[in-house]
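J.: Got a sequence here, can you build the structure:
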Amino acid sequence: MIVSSRSPLHQLLRVTESAGPLIILPHDNPDPDALASAAALRFIVNQAHEEKEVIIALGGIVGRAENRAMLRYLNINLVPVGEIDFDALPQVALVDTQPGRSNNSLPDGFLPTIVIDHHPAYDSYAEVPFLDLRDGYGATSTILTEYLEESHVDVESKIATALFYGINAETQDLGREATPNDVTACQFLYPYTNKRRLAKIENARVPREYFKVFRDALEEAVLYDKVVISVLSEVQYPDMVAEVADFLLRLDESEWAMAIGVYHDNMHVSLRTTNREVNAGEILQKVLGSKSAGGHDMIAGGRIKVSERGVATEKAAVRIKDRLLKALGVAASSAENLVR
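T.: Model prediction:
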């Protein structure tokens, strides 16, 4: 693989030359952008270093039907993070997340070798050997697509399909926070994608419980002037919270949509907006705390620990709702049930 010495890919390949395994760690409960980025990074490193062991580790679960279909049809294999021996000091690559964030399973104090992300820098990472943060991009998959193009290797169809879907899922078909770089990446990838597999992923079958969650979300949704909020009960998988927030934002009276749901010991929060003049990530950091949330201008997510269920969980959800309304300058007294 011949790569220009001025390319970030050149430095990436140099830091992965050493012996020992590379553990690729996307954020917990990874979305299509994180999964595609991890798969593409493994492919590129293996093309350059054929003997190197590269493993994608999973913290959390892959619950959303489209994401499970992505793993199945594109042969993306994941190893539970609990099976990784971090004491052996493997190289670790964080993709679509950063050190110190609550949304990944990197052990405290462990210095990753590689960090690749399209979110804003949450800290300074001067000691990380390879750091590529591009918050001007709509997806981390776009960064990996540029690496792939620079590598001049034969493009594997499944990798191209994963990256293409990852970019489009993250930017809602290039309609949300997409940049010229994202558009160019999709144009490069499209000829190599497997259209039949892509269609199966985009139209993945869902169980009947999926529809029940949306019914309950609508029944619980409350409109506060320009903000629609729905507090769910226990969810089957964390990504369901983000799906509900995306769905609620389609309401023509809303400028903001928030969904809140509990999965195991965490309360997950997703925030969406149509307002391009504000930063949803900064708003949610004010609501949940700077280390518990993150995001971009129009999309944000976070989670906090919950030790009890019932009244304690309900009170936590109310606090989150009240803090959001205060941050947006919206009166709680303007509450109006969406469908009841």
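J.: Residue 116 belongs to a strand, doesn't it?
T.: Yes. Looking at residue 116 with DSSP: H, G, I helix; E, B strand; the rest coil, it is inside a strand.
J.: how far away is residue 41 from residue 70?
T.: When distance is defined by CB to CB, to the nearest Å, residue 41 is 16 Å away from residue 70. For glycine as for every other residue, the C-beta is placed from the backbone atoms N, C-alpha and C.
J.: brain fart, residue 158
T.: 10 Å.
J.: more neighbours, residue 41 and residue 70?
T.: residue 70 (30 against 26; other CB atoms under 10 Å).
J.: Could you report the separation of the more buried one from residue 201?
T.: Distance of residue 70 to residue 201, given as CB to CB: 5 Å.
J.: Identify the contacts common to these two.
T.: Common contact partners of residue 70 and residue 201 (CB atoms under 8 Å, 6 or more residues apart in numbering): residue 165.
J.: Now do the same contact list for residue 245.
T.: Contacts of residue 245 (CB under 8 Å, 6+ apart): 257, 258, 259, 270, 271, 272.
J.: for residue 292, phi and psi?
T.: phi -100, psi 0 (degrees, to the nearest 10).
J.: residues near it, how many?
T.: For residue 292, the neighbour count with other CB under 10 Å is 20.
J.: nearest to residue 211, of the contacts of residue 245?
T.: For these, the minimum distance to residue 211 (CB to CB) is 15.9 Å, reached by residue 259.
J.: dump the residue contacts of that closest one.
T.: 217, 229, 230, 231, 232, 241, 242, 244, 245, 248, 269, 270 are the contacts of residue 259 under CB under 8 Å, 6+ apart.
J.: can you pull out the strands in the stretch 151-300 of the chain?
T.: Here the stretch 151-300 of the chain has its strands, by DSSP state E, counting those that start in this stretch, at 222-224, 227-234, 256-263, 266-273, 293-295, 299-305.
J.: Could you say which one of the ones you listed comes nearest to residue 58?
T.: Nearest of these to residue 58, taken as CB to CB: strand 256-263 at 15.0 Å.
J.: average pLDDT across the closest one?
T.: If you average the pLDDT over strand 256-263, you get 96.
J.: Pull the contacting residues for residue 39.
T.: Residues near residue 39 by CB under 8 Å, 6+ apart: 56, 74, 76, 158, 159, 162.
J.: Assign a three-state SS to it, would you?
T.: Under three-state DSSP, residue 39 comes out as helix.
J.: State the distance from it to residue 56.
T.: For residue 39 relative to residue 56 (CB to CB), the value is 7 Å.
J.: Can you check which residues contact both of the two?
T.: Residues touching both residue 39 and residue 56 (CB under 8 Å, 6+ apart) are residue 76.
J.: thinking again about what came up before, out of the contacts of residue 259, the closest to residue 1 would be?
T.: Compare each of the contacts of residue 259 with residue 1 using CB to CB and the shortest gap goes to residue 242, at 36.1 Å.
J.: Sketch out the helices for the stretch 101-250 of the chain, chain order is fine.
T.: 140-151, 157-170, 180-189, 195-202, 208-220, 239-248 (DSSP state H, counting those that start in this stretch).
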